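Participant: kindly generate the corresponding structure for this input.
(chains A and B)
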Amino acid sequence: MSVGKSVPRVDAYDKVTGRAKYTDDMVEKNALVGKVMHSTIANGWVKSMDISEAEKIPGVVKILTCMDVPDIQFPTAGHPWSTDASHQDVMDRKLLNRRVRLYGDDIAAVIAEDEVAASRAIKAIRVEYEQYEHVLDPYEAMKEGASQLHDEYPNNILKHSGFEDGDFEEAIKEEGLIRVEGTYETPIVQHCHIEPPVSYCYMENGRYVVVASTQIPHIVRRVVGQALGISWGKVRVVKPYIGGGFGNKQDVLYEPLNAYMCQQVGGRLVKLEISREETFYATRVRHAMTFNIVSYVRPSGRIVASQCKVVSNQGAYASHGHSVVSKSMTSFRQLYNYEKACKVEGYTVYTNTAAAGAMRGYGTPQSVFAIESHAEDIANTLGMDPLEYRRMNMMPVGYTDPFSKNVNYFDSLNQCISRARKAIDYDQKRKLYQEQTGPVRRGIGMALLWYNTAVWPISLEVSSCRMVLNQDGSVQIQLAETEIGQGADTAFAQMAADTLGIPFEKINTISTQDTDVTPFGLGAYASRQTYVGGMAVKKTAVLLKQKILDYAHEMTRMLPEDIDLVDGNIVWKTNKNKILLSLEDLAQEAFYSMEHAQHITAEATAQCKSNAYSLGCAFAEVEVDIPLGKVTLLNLVNVHDCGQLINPQLAKMQVHGGMSMAIGYGLSERLMYDEKTGKPLNDNLLDYKLSTTMDHPDLSADFVENYEPTSAYGTKALGEPPAVPGAPAIRNAILNATGVAINKLPMNPHLLYPAFRDAGLI
Amino acid sequence: MYDIEALYEASSVENAVELLQEHPDAIVIAGGSDVLIKIREGKLAGCSLVSLQKLDELRGVNMDEDGTLRILPLTSFSHITKNPLIQEHINVLGEAVDMVGGPQIRNIGTIGGNTCNGVTSADSGSTLVAYDAIMEITGPNGKRQLPISEFYVKAGKVALEPAEILTAILIPKESYNNCKGHYIKYAMRNAMDIATLGCSVNVRLSQDKKTVERLRIAYGVAGPVPMRAPTAEAKGAGKPASEETAALVAKAALEDVNPRDSWRASKALRLQLVEELTKRAFIKAVELSGGAL
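Facilitator: Numbering: from 1, shown residues only, chains lettered A, B, ... in the order given. From the prediction side, this is the model:
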């Protein structure tokens, strides 16, 4: 068996030796170079543009402005499309926008023979703006008189929704309840994937070929078609290896503009690479959210009713829009079990900041920071042990969501807590860190994690797989689910090997997706590929195996029902040591038989009509240097129940990466804007404090493996969950160390120094 | 792709001066870790460069006959840190430049570039100021020397006249002898960052290690250029090498500095850091000098 083993990833050698090809490695050197011109105001209108000087610059081939583009608004979110217009993603941007909605909006594009000519041309374009007052804060944006970003959405409210379980107002009338209120704020952060968004496009035989660093090739095909107003079949998208995406590339970013640029120069090859700075302000970011939570608890610790109001900063364009805060709201409803009532209300609001989209965790890093900070505050208010409080109130075994019908089958949260607690020596340290004095103090804290693996029942996701038998008994497998660094190619190969009954080494995962060739699927997003893609792998492998056994029947005269494929050989079912035929011999015969030649292949589509809770926790230990307002993270332990591990080594790496993102989210990362101009202040990796390995302790990742019954291989979400609970765990550890509750991220010295000073610690 | 109009590679110091005379608008490039960034950002796009890259005569650390340490400006940060003369006589400088950026930057960035760009946050700056370094400058009229305090003119501006280049950084023996220093870089990250505040303190203790004979303190990012703290230094000189003196000196330092309020850090935070880092660096420098607090 291959599943469950830490086999080396299939792309490891090519990636470490530099042989693996990424988009920029593949583009022909004679490509024209595209560059985007961004607005230098945050809100307004392009009155006119003068490109006459820019056109004279040697090497400039063509300049396209926001006056030229087709009058088509298109969506960019990497969601499954809906044929029901009311469920379709919001269509609120054009290829270039005359109505400027953020500092850095795309207003023109230059195509030139090289980058220098393109940059010089952009400098030479003269723009006349009509400027409006910008609004960066969603609360301000909702007020009367605020500038309206999109006419279709009055008061800048993209969407407002809510739900109430039980009767909140009635529930809080119970006598003796203790009220706890808190407001928790999270910042705008960026994904900071290593490879910037990059694509190139050329036309071949009247069709557009777009090679792009994306997580979602089939969705890019659709959106390029929509944006240019051309038939989707006219677009072919190829996705080679990519250097990370974390959700930013689960949006269709600049591929449509790239295709348009190509069209405008007669189909010539145009490359469009987005710089790091542009990636910060002009691609996507994580929604900043503010949560106000009011809870009513009994002195015993049981939570009776809770109300959460959340406002999410959408930025200038809808992208994933309200879906993100919807997930935040669901996590609030489910992570804790409110005895009588739970009332949640959420707003998604346009502002003149970077468009917020999908980012690892999809609304839950924000909500879990609020929920788990609040849980700690309740426990402290009651004088209760924080673990005891959680055990009393967290999602119970057997919980069934009324909407999705998802069931919490196992006692995962308790199991994860007890494992992490032991690993970090929680009980001892909790005692040790009581009543500290002095400028440097230590603390320990934790946070739970809730995540939902896929998107059912909001959308029906499909995943298709193709398998092709080679002459030597090896098999190609092909899926639309993408390798984006997480190890998907390896995991799929392990699954296929087991279900087919052939050695792992004999499986070739075709890493590149090509929408002309690759069967349909939706790509890498949510934390669903092993779950949804696994279903397609299993279904297809079962089909292929049946075809192999049927062919073996012709060669062995044994009934297909009485034989099996084990480790690359056809064997008796009753005695698996009895080898009747190798798969290689069978394949040779099938390819070249004089009696019955057949290319043995299989293809199937799986529909995912289930979902699964992925639960876990993080425990953090910190040292706080109070006079310096500085936190050193001494220990971080994550424990996850993501079902059965397909590849423990890869799973651990996945968790480490997520923990690293949580550290930056908790302690240092925040995209800042100048209040006066709306200009991003720190749109580079020096001033945007992405954390480094020198800011990390040794990361500890562990697992509880409850086989997930709804999953083809017993697995469920692990891509995003590791990034979720770290920040609140660190927050609660700082609280434990200093007695100061920090309700805002990132907890950097700018925030901690005044907080410690105000608390009288300095 | 960098927008560079022309690149002139100097074959000697004299040739570098000549090239700068021939191309008065050209910018000097050494390691390139600042200049290339500015070209990429567009600030220096289209510029011409005079490169010192091939001038091995400007690399290394030597000692003059009179004991003056002669640090040649093209020496990379990592070579400064590993140099035995630096380690023996002014180890704090090696430690300070070992906090620049990351390993790759330290292999390419030079100490000359770090001072000539006139940036207050330069990790070498405060320690060189604290050690009263002397800048040796070569230009069309030959060599001249300037105390580092006069070399720094204002933010981003040093006292190099047209066609002049820095050819050595000198630390006189009187400066480093019997003296130990400590540098604290306070930044938002533990690597790949520039200082929010840098504090370099060195002391010379009395023979019995009980009294501070000489105290020198300098900061980066406490003002527009690296600067000394004369009030604090005077407060500490002649006082016992004690925690009380540390606190006294740290408090006094607040009179010497004038940090800015900016989105990178508030003035209040920077003042807090001035006091706290001065105290800590003083204590460490005393300990390194064999003092017991």
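Participant: going by C-alpha atoms from here, please, whenever you check contacts or count neighbours.
Facilitator: Noted.
Participant: what residues are up against A:L257?
Facilitator: Contact analysis of A:L257 by C-alpha atoms under 8 Å, 6 or more residues apart in numbering or on different chains lists A:L95, A:L96.
Participant: go through the host helix or strand of it and flag the buried ones.
Facilitator: Per DSSP states H and E, A:L257 falls inside helix A:255-264. Buried residues in helix A:255-264, counted by 16 or more other C-alpha atoms under 10 Å in any protein chain shown: A:E255, A:P256, A:L257, A:N258, A:A259, A:Y260, A:M261, A:C262, A:Q263.
Participant: of the residues you listed, which is the nearest to chain B?
Facilitator: A:N258 (19.7 Å; C-alpha to the nearest C-alpha).
Participant: if I look at the closest one, how far off is A:D514?
Facilitator: Distance, A:N258 to A:D514, using C-alpha to C-alpha, to the nearest Å: 17 Å.
Participant: what's the burial count for the residue of the stretch 101-250 of chain B found nearest chain A?
Facilitator: The stretch 101-250 of chain B approaches chain A most closely through B:N190 (5.5 Å), counting by C-alpha to the nearest C-alpha. Neighbourhood size, B:N190 [other C-alpha atoms under 10 Å in any protein chain shown]: 18.
Participant: cool, B:L288 as well?
Facilitator: 16.
Participant: now it. Nearest residue, chain neighbours left out?
Facilitator: Excluding the flanking residues, the one nearest B:L288 by C-alpha to C-alpha, 6 or more residues apart in numbering or on different chains is B:K180, at 6.1 Å.
Participant: now A:K62
Facilitator: Leaving out its chain neighbours, A:K62 is closest to A:I111 (C-alpha to C-alpha, 6+ apart), at 5.1 Å.
Participant: now the element after the strand or helix carrying that neighbour, going C-ward?
Facilitator: According to DSSP H and E, A:I111 maps onto strand A:106-112. Counting by DSSP H and E, the next helix or strand C-terminal to strand A:106-112 is helix A:115-124.
Participant: ok and the helix or strand following that next one relative to strand A:106-112, angle-wise?
Facilitator: Counting by DSSP H and E, the next helix or strand C-terminal to helix A:115-124 is strand A:126-131. Strand A:126-131 and strand A:106-112 meet at an angle of 170 degrees, taking axes from the mean of the first three to the mean of the last three C-alpha atoms, to 10 degrees as the criterion.
Participant: so what's the closest residue to chain A within the stretch 1-150 of chain B up against?
Facilitator: Going by C-alpha to the nearest C-alpha, chain A is nearest to B:D3 of the stretch 1-150 of chain B, at 5.6 Å. Neighbouring residues of B:D3 by C-alpha under 8 Å, 6+ apart: A:V116, B:I39, B:R40, B:A45, B:G46, B:C47.
Participant: tell me, how many neighbours does B:N177 end up with?
Facilitator: B:N177: 12 neighbours (other C-alpha under 10 Å).
Participant: which positions in the stretch 101-250 of chain A make contact with chain B?
Facilitator: Residues of the stretch 101-250 of chain A lying near chain B by C-alpha under 8 Å from any C-alpha of the partner chain: A:E115, A:V116.
Participant: quick one: the strands in the stretch 101-250 of chain A, in order.
Facilitator: Ranges of strands within the stretch 101-250 of chain A are A:106-112, A:126-131, A:157-165, A:178-185, A:198-204, A:207-212, A:235-239, based on DSSP state E, counting those that start in this stretch.
Participant: using CSV, please lay out the ones you listed together with mean pLDDT and mean neighbour count.
Facilitator: Below are these laid out as CSV (pLDDT from 0 to 100; neighbours: other C-alpha atoms under 10 Å in any protein chain shown):
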stretch, mean pLDDT, mean neighbour count
strand A:106-112, 98, 26
strand A:126-131, 98, 14
strand A:157-165, 98, 15
strand A:178-185, 98, 18
strand A:198-204, 98, 23
strand A:207-212, 98, 25
strand A:235-239, 98, 25
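Participant: can you put the ones you listed in CSV and add distance to A:P560?
Facilitator: Listed next are the strands of the stretch 101-250 of chain A as CSV, based on distance: least, C-alpha to C-alpha, whole Å:
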stretch, distance to A:P560
strand A:106-112, 61
strand A:126-131, 73
strand A:157-165, 54
strand A:178-185, 62
strand A:198-204, 46
strand A:207-212, 43
strand A:235-239, 39
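Participant: which one of those lies closest to A:K578?
Facilitator: Nearest to A:K578 among the strands of the stretch 101-250 of chain A is strand A:235-239; the distance by C-alpha to C-alpha comes to 43.4 Å.
Participant: apart from its neighbours in sequence, what residue is nearest residue 177?
Facilitator: In the absence of a named chain, this looks at chain A. A:R298 (4.9 Å).
Participant: meant chain B actually
Facilitator: Per C-alpha to C-alpha, 6+ apart, closest to B:N177 is B:H89, 7.2 Å.
Participant: how about B:E243?
Facilitator: Nearest to B:E243 is B:L293, by C-alpha to C-alpha, 6+ apart, at 6.1 Å.
Participant: and that neighbour, how close does it get to chain A?
Facilitator: 18 Å (C-alpha to the nearest C-alpha, to the nearest Å).
Participant: residues contacting that residue?
Facilitator: Here B:L293 is in contact with B:A241, B:S242, B:E243, B:I283, B:V286, B:E287 (C-alpha under 8 Å, 6+ apart).
Participant: would you map the strands across the stretch 501-650 of chain A?
Facilitator: A:507-509, A:513-514, A:563-566, A:569-572, A:579-582, A:601-608, A:613-625, A:630-641.
Participant: isn't B:A232 right up against B:V257?
Facilitator: No: contact criterion C-alpha atoms under 8 Å: B:A232 and B:V257 do not qualify, at 10.2 Å.
Participant: the residue nearest to A:L177 against A:I178, yeah?
Facilitator: Yes: judged on C-alpha under 8 Å, A:R298 makes contact with A:I178 at a distance of 6.1 Å.
Participant: and stretch B:33-49, what's buried?
Facilitator: So for stretch B:33-49, counting by 16+ other C-alpha under 10 Å, buried means B:S33, B:V35, B:L36, B:I39, B:G42, B:L44, B:A45, B:C47, B:S48, B:L49.
Participant: may I see the buried residues of the lengthiest helix in chain A?
Facilitator: The helix that spans the most residues within chain A, counting by DSSP state H, is helix A:534-556. By neighbour count on 16+ other C-alpha under 10 Å, the buried set for helix A:534-556 is A:534-553, A:556.
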